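K.L.:
give me the fold of what follows.
(2 chains)
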Amino acid sequence: QKEVEQDPGPLSVPEGAIVSLNCTYSNSAFQYFMWYRQYSRKGPELLMYTYSSGNKEDGRFTAQVDKSSKYISLFIRDSQPSDSATYLCASCETGGFKTIFGAGTRLFVKA
Amino acid sequence: NAGVTQTPKFQVLKTGQSMTLQCAQDMNHNSMYWYRQDPGMGLRLIYYSASEGTTDKGEVPNGYNVSRLNKREFSLRLESAAPSQTSVYFCASSALGQGRNTEAFFGQGTRLTVV
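P.N.:
Numbering: from 1, shown residues only, chains lettered A, B, ... in the order given. All right, here's what the predicted structure looks like:
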């Protein structure tokens, strides 16, 4: 079992929909939780990160971590075609260098 | 401002050949990383260098070697390429570790095919 599990999709939604992307993790020592966005044939770019449990909002994006259930979520409101990409969740320990990535979920937002 | 630059962008090798993937960053970052990305597997850490002069194994180090040449450059070497090493390789850098409030910046990737 991978330390970070993520459904690879693909996930297809109409423009304007609310998108929910989810991951689970197994390592209780993970304290940092990150979401990266990767466009086709490009390197990943950090979208958001959260330390420990709780919510973090940035524009149309909300990251949520529930450490009791080891569940990581990313919500995208008013999704746009430009949001079409692969979204990777990732986790690491405090001060850690070994970030563990999920498999990535491919998202398609149809105009 | 180039960020993280990887060379080459594409490469085809025959089984048993060797090659070195080059990576350079211009952000004065302390830490550098090499990942491979395979379908359905996400990104997996091969090696990392927490700071100049140090290197450590990641999740999948077998078949690879690395060199932190200086603060800017971190190379990945395949001594005897195998078809299982066909993948997209990403180099990344961060100011500190990837936790501790700093993000990792990724290069554009090297697409390697071993035949």
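K.L.:
apart from its neighbours in sequence, what residue is nearest the residue of chain A found nearest chain B?
P.N.:
With C-beta to the nearest C-beta, the shortest gap between chain A and chain B falls at A:G43, namely 3.2 Å. The way it works is simple: take the backbone N, C-alpha and C, and place the C-beta from them, glycine included. Leaving aside its chain neighbours, A:G43 sits nearest to B:F106 (3.2 Å; criterion: C-beta to C-beta, 6 or more residues apart in numbering or on different chains).
K.L.:
same check on A:S73?
P.N.:
Excluding its sequence neighbours, the residue lying closest to A:S73 (C-beta to C-beta, 6+ apart) is A:Q64, at 4.3 Å.
K.L.:
residues near the one you found, how many?
P.N.:
Neighbourhood size, A:Q64 [other C-beta atoms under 10 Å in any protein chain shown]: 18.
K.L.:
how many neighbours does the residue nearest to A:G43 have?
P.N.:
Using other C-beta under 10 Å: B:F106 sits among 23 other residues.
K.L.:
same thing with B:N70?
P.N.:
Neighbours of B:N70 (other C-beta under 10 Å): 10.
K.L.:
please apply the same query to B:G53.
P.N.:
Residues lying near B:G53 (other C-beta under 10 Å) number 9.
K.L.:
look up how far B:L45 lies from it.
P.N.:
19 Å (C-beta to C-beta, to the nearest Å).
K.L.:
low pLDDT regions in chain B?
P.N.:
Low-confidence segments of chain B (pLDDT under 70): B:1, B:97-102.
K.L.:
rerun that using 90 as the cut-off
P.N.:
Applying pLDDT under 90 to chain B flags the ranges B:1-2, B:39-42, B:94-104.
K.L.:
so which residues on it come close to chain A?
P.N.:
Chain B comes close to chain A at residues B:4, B:31, B:33, B:35, B:40-45, B:48, B:50, B:56, B:58-59, B:90, B:92, B:97-101, B:103-104, B:106-109, as judged by C-beta under 8 Å from any C-beta of the partner chain.
K.L.:
hmm, try it at 7 Å
P.N.:
B:31, B:40-43, B:45, B:48, B:50, B:58, B:90, B:97-100, B:103-104, B:106-109 (C-beta under 7 Å from any C-beta of the partner chain).
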